[in-house]
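Participant: curious how this folds, go ahead:
(one chain, ligands or ions: 2)
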Amino acid sequence: MSLPQKVPVATLGVPRIGRRRELKFALESYWSGKSSAAALLETAKRLRAANWEEQRARGITRIPSNDFSLYDHVLDTIVLVGAVPARYGWQGGEVPLDTYFAMARGSEGNAHAECGNGCADPAHGPHDGVPALEMTKWFDTNYHYMVPQFSSDQAFALSSSKPVDEFLEAKALGIYTRPVILGPVTLLRRGKSQEEGFDPLALLPRLLPVYEELLRRLRLAGADWVQIDEPALVLDLIPNEREAFRFAYERLAKAAPDLRIMLATYFGALGDNLDTALSLPVAGLHVDLVRAPEQLEAVGRLARKDLVLSLGLVDGRNVWRADLCAILDRIKPVVAGWPLARIEVAPSSSLLHVPIDLDLETALDADVKSWLAFAAQKQGELVTLSRALAEGRSAVLAALKAASQAAAARAASPKVHDPLVEGRIAGIGAAMKTRASDFATRSRVQRDKLGLPAFPTTTIGSFPQTAEVRKARAAHAKGELSHLDYEAFLKRETEAAIRWQEEIGLDVLVHGEFERNDMVQYFGEQLSGFAFTKHAWVQSYGSRYVRPPIIYGDVSRPRPMTVAWWQYAQSLTPRPVKGMLTGPVTILNWSFVRDDQPRERTCRQIALAIRDEVVDLETAGATMIQIDEAALREGLPLRRSEWKAYLGWAVECFRLTASGVADATQIHTHMCYSEFNDIIDGIAAMDADVISIETSRSQMELLDAFRSYKYPNEIGPGVYDIHSPRVPAVEEMTALMTLARKRLADGQLWVNPDCGLKTRKWEEVRPALVNMVAAARQLRDAA
Ligand code: GLN
Ligand code: ZN
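Facilitator: Numbering: from 1, shown residues only. Ligands and ions are numbered 1, 2, ... in the order given. Take a look at the predicted model:
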């Protein structure tokens, strides 16, 4: 009797934070000096062992190693290749743990990490510490990585044995792993150089020997496969970059005899890089068939017949249970013509971006829960798929049936489908997406009604979320503080904020957002179609984890969400208080979104719900309503060719939200970034009456976008960098405004900080805003 052929099952990487966030607590304990490095490393070792054992127990056969990281796997790779910037004082050899964390967080720990690069805070004294590396989003995920910083005279040296050590660590436990490393081209491509015009990709020939040496060492340690991640292969590449892939893999493929490379691509289609990917002399290629199912046919047709194909079949980026039969049906034609011995099944990407285990969610609605799969459940799905391929569907009939039944139940559930919402979507007409009059007309009406001074002053919405505010919220959530007492507390905070804003002379006030836990969660909890979890944490960066809401059904707003708080705040003052809302695109981009309809359709539903709130605020008397779109830009697709379509519906959703009000009602929006040059048309097309943006850190660099483009509406370029604890002087702010006045007319300009103040302390906010008001007065007097 011959045993059935096995189809290997890979995970490509699993979450490293621990089921109960053990890594976070171990890190924070170490950083605060409460526990030793040895204790931290011991926790890390236990977490790795648990991950390996669990995967083995579930039937994963390509178990990854080196997917673990104390902070960030890109930072690990920077250390691995010895690309530690000079300012960290590293002299070669093994990189000490504290140097590693200095790169991650700055060398003064928390206080410093917060103030970011280039901090000149006098309160910090002369800086003996160093700022952290820059941090930014990893492709289109909400995971943040440390940005490698390269110089033209960059030297590289293999400076860490982590991949080898962790391979051996697993081997000692009797678990044979496939080490994962981040590929050289993606590493360089995601890095930056401060030297103008220098392209880090030029460093590739110097970098490759380090990778070659690592591969040799892994082979010596006993590895026969290595997974090299090159998600850059799903980006727009220029010929030079494609050539870099060929150059790199020609060499790496020969680095160690019998060490086979599984080249992993994910987060999208290979598209016009398919030929490049298929021309590389690697032993295996992983493709994302969730984001890009259509690419399977071409891959199957064009790939070398001796290539091992790793099929990314279940979603590594989202939380939905897979319809396994549908997947098997879809891949059948291609798999039929491909030797089973050269197939692996895998998630679309590493499971890093999904929560760990659905079983921890004991309070979730039972139906919703039956439609979900987190990292643990996804591994089960992969094993089922593998067995179905190797042994036939009948071998796993029960599991396949259960998955189909869950999919059918979800598709038919009244919890998902709300005919009223679907009817409203169908009824959206052009008029609902356009304000009644053009900006010039609105602006005249608003000026008459509002009577604001030149250079009006305002803030972005939130005031400090002090320890007291957080404590009260936690006590209320635990039932230790009654609803009435909690509300009374919030009212006192709000009133104090209003009084103080009046006192220092701000023109347009905010209520302070003390009642909000988070700018998305606060709304999600009041909307239909959203679910929230208790333990479904995913890593945002380092020890910061988030629990994104899960949008499972048609979205609607059962009742007003913010009107009472706005009314209360406005009742305290004759000055205008802005209504404060989170926009549909931001709510969408910061949630796990349903996969049974296009994102834009879900976004439209959210837009209608927030539109109802906008209209209710106006009816209650609000003359100004701010709709924050903090995450609009970060939702841009990876491929430029898809930007237009995205911006089309994203801008349309914003307009749908904002256009239900009269000309006299002033719509504000806020965005937390300044890199607008690419999308300035889209920003203008949102047609907000006033936009506030981040600029202070870049010295108004943003305004470059306005050199050739005449932004039509009003704009508040942030003059106070809220990411730093330092208090800007009056002259600094007037100087920034002077720069702004070179590009924009005085009548267009507002004076405001560059983001919400919730992360700051009152001791910082008070003097900063006093200075900001003084700066505006100086501008008025001089104008
Ligand atoms: N209104 C929000 C606040 O002030 C905006 C935050 C943001 O854009 N990130 O906190
Ligand atoms: Zn912001």
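
Participant: for ligand 1, what are the nearby residues on the stretch 551-700 of the chain?
Facilitator: By Cβ under 6 Å from any ligand atom, the residues of the stretch 551-700 of the chain that approach ligand 1 are Met580, Asp628, Ala630, His670, Cys672. Quick note: C-beta positions are derived from backbone N, CA and C, even for glycine.

Participant: low pLDDT regions in the stretch 301-450 of the chain?
Facilitator: For the stretch 301-450 of the chain, no stretch has pLDDT under 70.

Participant: need the max-distance pair from the residues of the stretch 551-700 of the chain next to ligand 1.
Facilitator: Met580 and Cys672 (14.8 Å; Cβ to Cβ).

Participant: model confidence at the residue of the stretch 501-650 of the chain found nearest ligand 2, what's the number?
Facilitator: Closest residue of the stretch 501-650 of the chain to ligand 2, Cβ to the ion: Ala630 (5.1 Å). On the pLDDT scale, Ala630 is placed at 93.

Participant: likewise the one 10 residues further on?
Facilitator: If you check Arg640, the pLDDT there is 96.

Participant: in contact with it, which residues?
Facilitator: Asp236 (Cβ atoms under 8 Å, 6 or more residues apart in numbering).

Participant: same question, Ile60
Facilitator: So Ile60 contacts Val9, Ala10, Thr11, Gln379, Leu382, Val383 (Cβ under 8 Å, 6+ apart).

Participant: what do you get for Pro200?
Facilitator: Neighbouring residues of Pro200 by Cβ under 8 Å, 6+ apart: Pro148, Phe150, Gln154, Leu188, Arg189, Gly191, Lys192, Ser193.

Participant: give me the neighbour count for Lys761.
Facilitator: For Lys761, the count of nearby residues is 12 (other Cβ atoms under 10 Å).

Participant: ok and the residue in the stretch 601-750 of the chain nearest ligand 2?
Facilitator: Cys672 (3.1 Å).

Participant: touching, that residue and Cys755? I think so.
Facilitator: Yes: contact criterion Cβ atoms under 8 Å: Cys672 and Cys755 qualify, at 5.2 Å.

Participant: between those two, which is the more surrounded one?
Facilitator: Taking neighbours as other Cβ under 10 Å, Cys672 and Cys755 compare with Cys755 leading, 27 against 22.

Participant: so the more buried one touches His723, yeah?
Facilitator: Yes: the pair Cys755 / His723 is scored as a contact, 7.3 Å apart, by Cβ under 8 Å.

Participant: skipping adjacent residues, who's closest to Trp778 in space?
Facilitator: Residue 778: Gln, not Trp. Thr734 (5.5 Å; Cβ to Cβ, 6 or more residues apart in numbering).

Participant: tally up the residues packed near that neighbour, please.
Facilitator: Per other Cβ under 10 Å, the neighbour tally for Thr734 reads 19.

Participant: related to what we said a few turns ago, narrow the contacts of Ile60 to those in helices?
Facilitator: Per DSSP state H, helices hold the following members of those: Gln379, Leu382, Val383.

Participant: now rank those by neighbours and give me the top one.
Facilitator: Leu382 (28 neighbours).

Participant: so where do the helices sit in the stretch 601-750 of the chain?
Facilitator: 643-658, 680-685, 705-708, 730-743 (DSSP state H, counting those that start in this stretch).

Participant: ok, of those, where does mean pLDDT dip lowest?
Facilitator: helix 705-708 - the lowest mean pLDDT of the helices of the stretch 601-750 of the chain, at a mean of 77.

Participant: check contacts around Arg557.
Facilitator: Counting by Cβ under 8 Å, 6+ apart, Arg557 has contacts Gln526, Leu527, Ser528, Ala609, Ile610, Asp612, Glu613.

Participant: give me every residue in this protein lying close to ligand 2.
Facilitator: Cys672, Cys755 (Cβ under 5 Å from the ion).

Participant: quick revisit: so what's in contact with Cys672 and Cys755 at the same time?
Facilitator: Common contact partners of Cys672 and Cys755 (Cβ under 8 Å, 6+ apart): Glu694.

Participant: quick check, nearest of the ones in helices among the contacts of Ile60 to ligand 2?
Facilitator: Gln379 (37.4 Å).

Participant: show me what contacts that closest one?
Facilitator: With Cβ under 8 Å, 6+ apart, Gln379 has these contacts: Val9, Thr11, Gln55, Arg58, Gly59, Ile60, Leu351.

Participant: which residues of this protein score low on pLDDT?
Facilitator: 1-4, 108-128, 674, 696-702.

Participant: for ligand 1, what's the nearest residue on it?
Facilitator: Gly756 (2.1 Å; Cβ to the nearest ligand atom).

Participant: neighbours around that residue, how many?
Facilitator: Using other Cβ under 10 Å, Gly756 has 24 other residues around it.

Participant: and if you look at His73?
Facilitator: Other residues within reach of His73 by the criterion other Cβ under 10 Å amount to 26.

Participant: next one: phi and psi at the closest residue to it other than its chain neighbours?
Facilitator: Closest residue in space to His73, ignoring its immediate chain neighbours: Leu182 at 6.3 Å, by Cβ to Cβ, 6+ apart. In terms of degrees, to the nearest 10, the main-chain angles of Leu182 are phi -80, psi 130.

Participant: what's Leu182 in contact with, if anything?
Facilitator: Leu182 makes contact with His73, Val74, Thr77, Ile228, Asp229, according to Cβ under 8 Å, 6+ apart.

Participant: please apply the same query to Gln605.
Facilitator: Residues counted as contacts of Gln605 (Cβ under 8 Å, 6+ apart) are Val421, Ile425, Gly529, Asp554, Val555, Ser556.
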